[in-house]
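# fold the following for me, if possible:
(one chain, ligands or ions: 3)
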Amino acid sequence: MCGIVGVVSGAPVNQLIYDALLLLQHRGQDAAGIVTQEERKFFMHKAKGMVRDVFRTRNMRALPGNSGLGQVRYPTAGNAFNEEEAQPFYVNAPFGIVLVHNGNLTNADVLRAELFSTDHRHTNTDSDSEVLLNVFAHELEHATRGVALQPDDVFKAVRAVHRRVRGSYAVIALIAGHGLVAFRDPYGIRPLAMGRSAEGAVVFASESVAIEGTGHEFQRDVAPGEALFVDLAGNLSAQQCAEKTQHFPCVFEYVYLARPDSVLDGISVYQARLNLGASLAKRVVSTVPPSDIDVIIPIPESSRPSATQLAHLLGVPYREGFVKNRYVGRTFIMPGQEVRKKSVRQKLNVIGSEFKGRNVLLVDDSIVRGTTSREIVQMAREAGARKVYLASAAPPVRYPNVYGIDMPTSDELVAHSRTVEEVRALIGCDALIYQDVDAMKKAVGAGNPALSGFDASCFDGVYVTGDIGPDDIARLNAGRKGGTEDEEDASRLALPNAADA
Ligand SMILES: O=P(O)(O)OC[C@H]1O[C@H](OP(=O)(O)OP(=O)(O)O)[C@H](O)[C@@H]1O
Ligand SMILES: NC(=O)CC[C@H](N)C(=O)O
Ligand SMILES: [Mg+2]
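Ligands and ions are numbered 1, 2, ... in the order given. Presented below is the predicted three-dimensional model:
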């Protein structure tokens, strides 16, 4: 998941896009970029780093114009360390197009070869988003064939994109001198919503928090397969561009990725996390009697809503036992296992008095590689806890993700091929309680019964696009150049087999 934003306004948009990217920073910490358009000319600045570091005053001054795009990147394809893969991407024909993408294409290799051999287009990075832009550009060229661009041509191009591209994609593109198009894959895996300001500006963003937090009114989500085109005067047209759609948003957005103050596809992220806490409460009482728990402590930040609800329903005091250093980013979305591991200790510190001589139930939203939980359980013991129980508001993460979350291999997942008891022993806690998959889907889905279901592939191994097998997963992983090889080796060494535990 990355964070994307796009806007067409009657006033300069550079500050607005910057503010929206700050509100989406939790979706990508590796690189950031903004492009604006003035008199058919694009102005772009992008670099590795967090939003505040990438954009200095001089960069902001060099982004004039009333329409533009922005992106914060969390790499899931190509090379995490390559600045060239920061977004937006640009092509000069037809018209001049810039594009931002959240998601992950599963047939980028095939498309890259087709682009070269059949479409005669050059891509210069390993990014799947550059491939997506070139497919869209090729199809738009084909749809317009030298005549003035109409919204219908844009929709025709998006229809062709749906036919050629596989995987997950929420996209916003700006076509020079014409307008902005936003579209979502036919399964609606990654989120995308639209809002408006009182002055008539139209904004699209990954999460509602970036729409409302920049002074716009949330209007609606972009439907799966749908494309919306806004011309530079702010006129909007919309069309369903996919032959068949089903709505399977990524359940991990609600578990961890999105901000709790966002509403995605009609579901409040905060409410979903409260519901997950309520359903986790049932699992906890069947494993550990509440009378044996002195205190419930969340692992900051994302587990807080679930932990408060769990404590409330169990009638056990909820206390803050870990203080988060607010200047360290989210560890899960950092590239490379060594840096993630070090960051947990840098990021969280214990309040010793909350642990000393107590039986504590620690709550996290999810346990993925086990980096956080292994450190945290140890820290709780070092602080004098008598018993350390651990509950996860999500089920065991057992399968790789191919739709825009950086979990490319099963080996790195602590729960892959391990029983709950084996994971417990590895993490070193006295009891380990997981949510179950159906309960998770029910808890999150309660907010919108109209959905077809969820992409919960990392929990249940079901890939909603129906075209992903073990060979595809191996191929996609081979194409990743995420951390350094040393970091990857270190991550394997840090995770002994169950037999060694
Ligand atoms: O098992 P792991 O591989 O460690 O991954 C899971 C952990 O990573 C995330 O926290 P993160 O620090 O990224 O963000 P947060 O502050 O939003 O909780 C998540 O909330 C879990 O705590
Ligand atoms: N997390 C994402 O959405 C990543 C977008 C794109 N696949 C990239 O790696 O840049
Ligand atoms: Mg966390």
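# for ligand 2, what's its nearest residue on the stretch 401-501 of the chain.
residue 404 (4.3 Å; C-beta to the nearest ligand atom). Using the backbone N, CA and C atoms, a C-beta is placed for each residue, glycine as well.
# which residue ranges form the strands in the stretch 151-300 of the chain?
With strands called from DSSP state E, counting those that start in this stretch, the stretch 151-300 of the chain shows them at 167-175, 179-184, 193-196, 202-205, 217-221, 226-231, 236-240, 263-264, 267-268, 295-298.
# residue ranges of the helices in the stretch 51-200 of the chain, please?
All helices of the stretch 51-200 of the chain, identified by DSSP state H, counting those that start in this stretch, fall at 51-54, 57-61, 108-117, 128-144, 151-164.
# surely residue 396 touches residue 415?
Yes. Under the criterion of C-beta atoms under 8 Å, residue 396 makes contact with residue 415 at 3.5 Å.
# any residues in contact with both of those two?
Common neighbours of residue 396 and residue 415, counting by C-beta atoms under 8 Å, 6 or more residues apart in numbering, are 367, 423.
# report the rounded mean pLDDT for stretch 177-187.
For stretch 177-187, the mean per-residue pLDDT is 98.
# how long is that stretch from one end to the other?
End-to-end distance of stretch 177-187 (C-alpha to C-alpha, to the nearest Å): 31 Å.
# how about it, does it reach ligand 2?
No. Stretch 177-187 lies apart from ligand 2 when judged by C-beta under 6 Å from any ligand atom; the minimum separation is 11.8 Å.
# and that stretch, which residues are buried?
Buried positions in stretch 177-187, judged by neighbour count with 16 or more other C-beta atoms under 10 Å: 178-187.
# if we can go back for a sec, relative to ligand 1, which of the strands of the stretch 151-300 of the chain is closest?
Closest approach to ligand 1 among the strands of the stretch 151-300 of the chain (C-beta to the nearest ligand atom): strand 295-298, 9.1 Å.
# list the helices and strands the next helix or strand after the closest one packs on?
Taking DSSP states H and E as the definition, the helix or strand that follows strand 295-298 towards the C-terminus is helix 304-314. Contact here means 3 or more C-beta pairs under 8 Å, 6 or more residues apart in numbering; DSSP states H and E; on that basis helix 304-314 packs against helix 269-285, strand 295-298, strand 359-364.
# who does the residue lying closest to residue 59 once chain neighbours are set aside form a beta bridge with?
The shortest distance from residue 59 to any non-neighbouring residue, by C-beta to C-beta, 6 or more residues apart in numbering, is to residue 45 (4.5 Å). Residue 45 has these beta-bridge partners by DSSP bridges: residue 34.
# neighbours of residue 245, just the number please.
Number of residues near residue 245 (other C-beta atoms under 10 Å) recorded here: 19.
# and if you look at residue 237?
If you count neighbours by other C-beta under 10 Å, residue 237 ends up with 16.
# quick check: it vs residue 155, distance?
Separation of residue 237 from residue 155 (C-beta to C-beta, to the nearest Å): 8 Å.
# if we can go back for a sec, winner for burial among the helices of the stretch 51-200 of the chain?
helix 128-144 (a mean of 24; mean count of other C-beta atoms under 10 Å).
# is any residue of that helix near ligand 2?
Yes. For helix 128-144 and ligand 2, the contact criterion (C-beta under 6 Å from any ligand atom) is met by 128-129.
# got the angle for that helix vs strand 167-175?
Helix 128-144 runs at 60 degrees relative to strand 167-175, counting by axes from the mean of the first three to the mean of the last three C-alpha atoms, to 10 degrees.
# if you count contacts, what does helix 128-144 end up packed against?
Where contact means 3+ C-beta pairs under 8 Å, 6+ apart, helix 128-144 is packed against strand 89-91, strand 97-105, helix 108-117, helix 151-164, strand 167-175.
# at 6 Å what do you get?
strand 89-91, strand 97-105, helix 108-117, helix 151-164 (3 or more C-beta pairs under 6 Å, 6 or more residues apart in numbering; DSSP states H and E).
# which positions in this protein make contact with ligand 2?
So the chain meets ligand 2 at 1-2, 73-78, 85, 101-104, 127-129, 404 (C-beta under 6 Å from any ligand atom).
# returning to what we had before: any chance of JSON lines for the strands of the stretch 151-300 of the chain, columns distance to ligand 1?
As requested, the strands of the stretch 151-300 of the chain are arranged in JSON lines below (distance: least, C-beta to the nearest ligand atom, whole Å):
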{"stretch": "strand 167-175", "distance to ligand 1": "20"}
{"stretch": "strand 179-184", "distance to ligand 1": "25"}
{"stretch": "strand 193-196", "distance to ligand 1": "21"}
{"stretch": "strand 202-205", "distance to ligand 1": "19"}
{"stretch": "strand 217-221", "distance to ligand 1": "23"}
{"stretch": "strand 226-231", "distance to ligand 1": "30"}
{"stretch": "strand 236-240", "distance to ligand 1": "34"}
{"stretch": "strand 263-264", "distance to ligand 1": "16"}
{"stretch": "strand 267-268", "distance to ligand 1": "17"}
{"stretch": "strand 295-298", "distance to ligand 1": "9"}
